[in-house]
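Chemist: Structure for the following, please:
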Amino acid sequence: MNLEKFLVISKEVKSALEEGRPVVALESTIISHGMPYPKNVETALNVENIVRENGAVPATVAIIKGKITVGISKNEIEYLGKKGLNVPKASRRDLPVILSKGMDGATTVATTMIAASLAGIKVFGTGGIGGVHRGAETTMDISADLEELAMTDVCVVCAGCKSILDIGLTLEYLETKGVTVVAYQTEEVPAFYTTHSGFKADYRLDSPKEIAEAFYVKEACALKGGMVVGNPIPDEYAMDLDYINGNIDMALKEAEKLGIKGKEITPFLLDKIQKLTEGKSLESNIQLVYNNVALASKISVEYAKIKN
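Modeler: Numbering: from 1, shown residues only. Predicted structure coming up:
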């Protein structure tokens, strides 16, 4: 297998993995598609610092010149941040073409999971996972993230699925695929910008150690697929449920009017909601990512202790 032609792992990440130290995978869509430069670079570097402060090694993943790169450098983060939307979003289906043509790519949740799994990283901290889009019963618009969670053995810490999605149908889909969904220190699955979704989690786990133990058991029993850890946004950054849902409805109506669909829909909706909320949703988005990577780091630390 010629995987080494297409996979680059930084020295820091490689040595941490060889020594059994905790490592946390981080995605790069937030850098090129999540917010404007230089805020995107500043946020990505802050995320890496938070991982280090919580005892783990950060491994930001991106495709750089046709290589799946696990643990990109500060210069590469800056490079992706400046290129912004000119860097294509890369999901599983895009990898063969992007890699064969030597292109750059910003990794989604699905591709970051693939890269983490190839490298041997078990925990991934992100903002929100993709899911079943509203109206999917007619459009069949379902994120590849869900299929990846069904197949790839990575623990994904997120603030639930993005609020623009159909949370109920997303949870049903994950159940069908046998994906364990737990909520951290809460009874409800969080809904990205807000702590409340109205959907009860299957399990509430109250410590990073409990989550690490559950993920370890899943692996020990050879139960294929990932685990979703729903970590609610801190209360001080949470948005009112009715307020955010009203703005989502307005954004969805505009997307429908403009005929926006497929992979363009999520960035359009997030950008529109940011404008409608006068930037409040972007600040919430950044804070929930910081919160998630801190928890992911603590889970990774506990997982490393169990493994060692």
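
Chemist: Could you check stretch 15-32 and say which residues are buried?
Modeler: By neighbour count on 16 or more other Cβ atoms under 10 Å, the buried set for stretch 15-32 is 16-17, 21-32. Quick note: C-beta positions are derived from backbone N, CA and C, even for glycine.

Chemist: What about these, which are in helices?
Modeler: Secondary structure of these is defined by DSSP state H; positions in helices are Ala16, Leu17, Thr29, Ile30, Ile31, Ser32.

Chemist: Could you export those residues as CSV, including pLDDT and distance to Ser297?
Modeler: As requested, these are exported to CSV (pLDDT from 0 to 100; distance: Cβ to Cβ, whole Å):
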residue, pLDDT, distance to Ser297
Ala16, 98, 12
Leu17, 98, 15
Thr29, 94, 20
Ile30, 92, 17
Ile31, 95, 19
Ser32, 93, 23
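
Chemist: Out of those, which comes closest to Ile286?
Modeler: Checking those against Ile286 by Cβ to Cβ gives Ile30 as the nearest, at 8.9 Å.

Chemist: who touches that closest one in this structure?
Modeler: By Cβ atoms under 8 Å, 6 or more residues apart in numbering, Ile30 lies in contact with Asn40, Thr43, Ala44, Thr126, Gly127, Val289.

Chemist: Output those residues in TSV; the columns should cover secondary structure and neighbour count.
Modeler: What follows is the contacts of Ile30, written out as TSV (DSSP: H, G, I helix; E, B strand; the rest coil; neighbours: other Cβ atoms under 10 Å):
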residue	secondary structure	neighbour count
Asn40	helix	23
Thr43	helix	21
Ala44	helix	27
Thr126	coil	25
Gly127	coil	24
Val289	helix	26
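
Chemist: Most widely separated two among those residues?
Modeler: Asn40 and Thr126 (14.8 Å).

Chemist: Surely Ser143 is in contact with Gly128?
Modeler: No: between Ser143 and Gly128 there is no contact under Cβ atoms under 8 Å: 10.4 Å.

Chemist: one step back: which one of the ones in helices among the buried residues of stretch 15-32 is nearest to Leu276?
Modeler: Ile30 (20.1 Å).
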